[in-house]
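Student: Got a sequence here, can you build the structure:
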Amino acid sequence: MRIVRSARRGLGAWLAALAIAGTGVVAVPLTASASAHGCASGGKVDSCITVTGQSTYVETVMGGANISGHTSVFGHFHVYGGGLEFNSADDHYYNDGFFSKEVNGPTFRVDRPLPDGAQVCAAFVERQAGGPHVYSPACETIHS
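Tutor: Residues are numbered from 1 along each chain as shown. This next block holds a predicted model:
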């Protein structure tokens, strides 16, 4: 997947535009962010990634996971690629519901351009008695 440009505008910006629309002036927010989100199928845990930025400039990267119903896991998120290398602290993540539930790890601040075509990935690493289990990574490709 790739970073897709999308015009995300907050509710406050739209309310401001509506408030002055009656005066004949149209206000449009000047900043639009691009973002991408995707998950990879991995069994009881699907690794997910969210990348925010504009073109090749990446603001933040966040690892996440879809956890199957009635499942508890202990582990961390590993985010890597394009010159990035982040690991969150180990933590307990659980889903006491029947359906899959997405949980998010910490947001890592990048605030710099990454190489065009770079792949940024996130994988959930579960700590198990026999050693760590790395679930299939979810990746996004950075494009200008």
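Student: in which helix or strand would I find the residue most central in space within the chain?
Tutor: What sits nearest the mean C-alpha location of the chain, by C-alpha atoms, centre = their mean, is residue 50, with 1.4 Å. Element membership for residue 50, per DSSP states H and E: strand 45-54.
Student: got the buried residues for that strand?
Tutor: By neighbour count with 16 or more other C-beta atoms under 10 Å, strand 45-54 contains the buried residues 45-54. Any C-beta I mention is one placed from the backbone N, CA and C, and that applies to glycine too.
Student: If you count residues, where's the longest strand of the protein?
Tutor: Longest among the strand segments of the chain by residue count, using DSSP state E, is strand 101-113.
Student: Just after that one, pick out the following helix or strand.
Tutor: strand 119-126.
Student: Give me the contact list for the next helix or strand after that following strand.
Tutor: Next along the chain after strand 119-126, taking DSSP H and E as the criterion, comes strand 133-134. For strand 133-134, contacts defined as C-beta atoms under 8 Å, 6 or more residues apart in numbering pick out 75, 78, 123-126.
Student: I'd like to know which of those residues are buried.
Tutor: Among the contacts of strand 133-134, those classed as buried by 16+ other C-beta under 10 Å are 75, 78, 123-126.
Student: And residue 77, how close does it get to residue 56?
Tutor: 23 Å (C-beta to C-beta, to the nearest Å).
Student: Same drill for those two, tell me which one is more crowded.
Tutor: residue 77 (28 against 17; other C-beta atoms under 10 Å).
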